[in-house]
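Engineer: this one's sequence-less:
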């Protein structure tokens, strides 16, 4: 197989992956509390080094060309987003590191984390997320129930006051290894069971009547998607050239006269 074909294919695959990541970020520039993804790329070592085979047969010229590129695992960028005032008493934003916890399924496996603080009350008076109606949990992991007829006040510590007293405290937690979190849809996150079990109360400031805007940068995401698309097209063009060269080598130069 033509070595250049492999190198071009690796470049095409990496840039298609980059395009997926930037496109997803771009489509979520208006998503409340969204955290953009980041895809790092590394240069692959030649086979003798990558597979630790120092005595394997190789070609010095091909080794000088390198072994192409490879995408690394996608990471989530957790930087603070801009806060926007909504004046809705059930909209809540976090200033600092931390996540709200919501119940999206049964048991401990159903507990997910989110930065999307758009909350509302369902027909039973339970505090739920606007986007899918998942129950918002307090600091002890219980669903929060409020009186729809009474005004709600939420302190910077997350205490929910209603009727002259504290009804509950919003559950706001940090995780020790945020790089291990994965996205679970509907702007929610989850990590492995042991990581979730070690989550701890957050010191983030709770701000009532505000939401956190998306962390995705529209200009940067668009430029990244455009760059990845052009690079992928270039790699596909090289694949086409190598394919044509191989076709001529086989069907023209290799023809027996």
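Structural biologist: Done, it's in. As the structure is a computational prediction, the values presented were derived from the model and not from experiment.
Engineer: can you list the residues that contact the helix or strand where residue 42 lies?
Structural biologist: When secondary structure is defined using DSSP states H and E, the element that contains residue 42 is strand 41-43. Identification of contacts with strand 41-43 by Cβ atoms under 8 Å, 6 or more residues apart in numbering yields 14, 18, 66-72. Heads up, the C-betas are built off the backbone N, CA and C, glycines and all.
Engineer: residue ranges for the helices of the stretch 151-257 of the chain, please.
Structural biologist: For the stretch 151-257 of the chain, the helices defined by DSSP state H, counting those that start in this stretch cover 193-197, 218-248.
Engineer: Just the residues contacting the shortest one, thanks.
Structural biologist: Helix 193-197 is touched from outside by 108-109, 111, 175-177, 180-181, 190, with contacts defined as Cβ under 8 Å, 6+ apart.
Engineer: Tell me the buried residues in it?
Structural biologist: Neighbour-count burial for helix 193-197 flags 195-196 (criterion: 16 or more other Cβ atoms under 10 Å).
Engineer: so how far is it off the chain centroid?
Structural biologist: Centroid displacement of helix 193-197 relative to its chain, using Cα atoms, centre = their mean, to the nearest Å, is 19 Å.
Engineer: cool, stretch 207-224 as well?
Structural biologist: Centroid separation for stretch 207-224 versus its chain: 13 Å, with Cα atoms, centre = their mean.
Engineer: Equivalent analysis for stretch 26-42, please.
Structural biologist: 6 Å.
Engineer: Now do the same for that stretch: mean pLDDT, whole number.
Structural biologist: The average pLDDT within stretch 26-42 is 93.
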